[in-house]
Structures are given as structure tokens and as C-alpha cells.
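J.: Below are the sequence and a predicted model; questions follow.
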Amino acid sequence: MATPNRPWMGLLLLGVLGVLQTPAPTEAALQPNFEEDKFLGRWFTSGLASNSSWFLEKRKVLSMCKSEVAPAADGGLNVTSTFLRKDQCETRTLLLRPAGPPGCYSYTSPHWSSTHEVSVAETDYETYALLYTESVRGPGPDSLMATLYSRTQTPRAEVKEKFTTFARSLGFTEEDKCMEVRT
């Protein structure tokens, strides 16, 4: 009888014992030489991953969101998003203020009284963008979110795979992720 490969057996045993765990979330890289003018226009939120309790509760009923990104008077970005809520279209506008190097923004949610730091981690401007958001809620737990923006409602398979890889690199698991948010 052949002897099992000992290193693989050891890794399998470590996995079974729970020693190999998902690494702690890390901060996403920033898109090099971010060009804000190329980022403007229509985007669809095609993928989300988050550790927030709100997201985990609502992810089954979320629908795809359409957003228009336009320059704001103060040099930031106005992001006007339209989505379906309780069988009616709802529109909200966020003002993303510059917060550091190009591609980094922040906004304050009046509803949650929380501050959100948004970074464009990767984009090709024409097809997709990967965003990383860190939210601080004061006394409550902080939350993280990875977002896939797509220029079309149905992103290509390779774009979905980029998002999956990106979300996993931040420590998200399949249980956290809603890969396709449908209309």
C-alpha cells in the first residue's frame, strides 16, 4: 500500500482542526494614477461583500443599483443612485469628498451617523471598478464592504472573477458575499 503524501496530510489535518482560517481583512490597494474624469458616468452595482449586520440581514432582498457619478462643485464626486425599494424607485445622492490621494473619498451618512472611507482599488474605467469601503459607526462595530461597479448590468465572467478574488483578498467568505445583485 502506498504511503500518503505527508505534507498534504498535515495541511488537511490543520484544515480539519480549524487552524487554517481566513486571514484578517486587509486594506485594499489604491488604483495607481487614478483619473477621476474617466471614472465619471453610469455604473451598476453588480457585486457586494460586507461584514455589516445590515448587509447580512438584507442581502437576499437587495436589487441592482444604478449610479451616476458626476463632479461636485467642491472637487469631490456626487454619486446619485437609483434602486428599487418596496416596489418603488428610490433615489439618493452622496457627496464623496476627497480624502487623501486621488481615488480616496469620504462621506458621512445622515441616516446612520457614520463616516465612510471609500477607495477605488482597481478600475479599467470602461468595464469595471472595484471599491473598498470602511465604515466607522462611533460606539458600534466598524464594517467593511467590497463593491463591484460595472458599466453594464451583466458583467463578464472574468470581471465577476476579479471581484471574487478581490473580496477574498480582503477576508470575505462566500457567506458574506452576494455576487450578483439582480434587478
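T.: Cool, the structure landed.
J.: Which parts of stretch 121-128 count as buried, going by neighbours?
T.: Ala121, Glu122, Thr123, Tyr125, Tyr128 (16 or more other Cβ atoms under 10 Å). In this view, the C-beta of every residue, glycine as well, is placed from N, C-alpha and C.
J.: between those residues, which is nearest Ala99?
T.: Ala121 (14.6 Å; Cβ to Cβ).
J.: quick one: low-confidence ranges for this protein?
T.: 1-27, 58-63, 137-141, 175-183 (pLDDT under 70).
J.: Now do the helices in it.
T.: 6-17, 36-39, 53-58, 157-169 (DSSP state H).
J.: just checking, Val69 touches Glu36?
T.: No: with contacts counted by Cβ atoms under 8 Å, Val69 stays clear of Glu36, the gap being 9.1 Å.
J.: Now do the buried residues in stretch 157-168.
T.: Val159, Lys160, Lys162, Phe163, Thr164, Phe166, Ala167, Arg168.
J.: which residues touch the third one?
T.: Okay, so that is Lys162. By Cβ atoms under 8 Å, 6 or more residues apart in numbering, the contact set of Lys162 is Glu122, Tyr128, Leu130, Leu148.
J.: Among those residues, which lie within strands?
T.: Mapping these onto strands (DSSP state E) picks out Glu122, Tyr128, Leu130, Leu148.
J.: rewinding a little: of the buried residues of stretch 157-168, which pair is most distant in space?
T.: Using Cβ to Cβ, the pair of the buried residues of stretch 157-168 lying farthest apart is Val159 and Arg168, separated by 15.2 Å.
J.: dump the residue contacts of the residue most central in space within the chain.
T.: The geometric centre of the chain, computed from its C-alpha atoms, lies nearest to Ala146 (Cα atoms, centre = their mean), at 1.7 Å. Each residue near Ala146 by Cβ under 8 Å, 6+ apart is listed here: 28, 47-50, 130-133, 163, 166-167, 170, 172.
J.: what would the residues you listed look like in a markdown table with distance to Gln153?
T.: Below are those laid out as a markdown table (distance: Cβ to Cβ, whole Å):
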| residue | distance to Gln153 |
| --- | --- |
| Ala28 | 24 |
| Gly47 | 12 |
| Leu48 | 15 |
| Ala49 | 19 |
| Ser50 | 21 |
| Leu130 | 17 |
| Leu131 | 18 |
| Tyr132 | 22 |
| Thr133 | 22 |
| Phe163 | 15 |
| Phe166 | 20 |
| Ala167 | 20 |
| Leu170 | 24 |
| Phe172 | 23 |
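J.: ok, the residues you listed vs Leu56, which is closest?
T.: When these are compared for distance to Leu56 (Cβ to Cβ), Ser50 wins out at 7.4 Å.
J.: In the sheet, which residues pair with that closest one? Tell me.
T.: As for beta bridges, Ser50 partners with Met145 under DSSP bridges.
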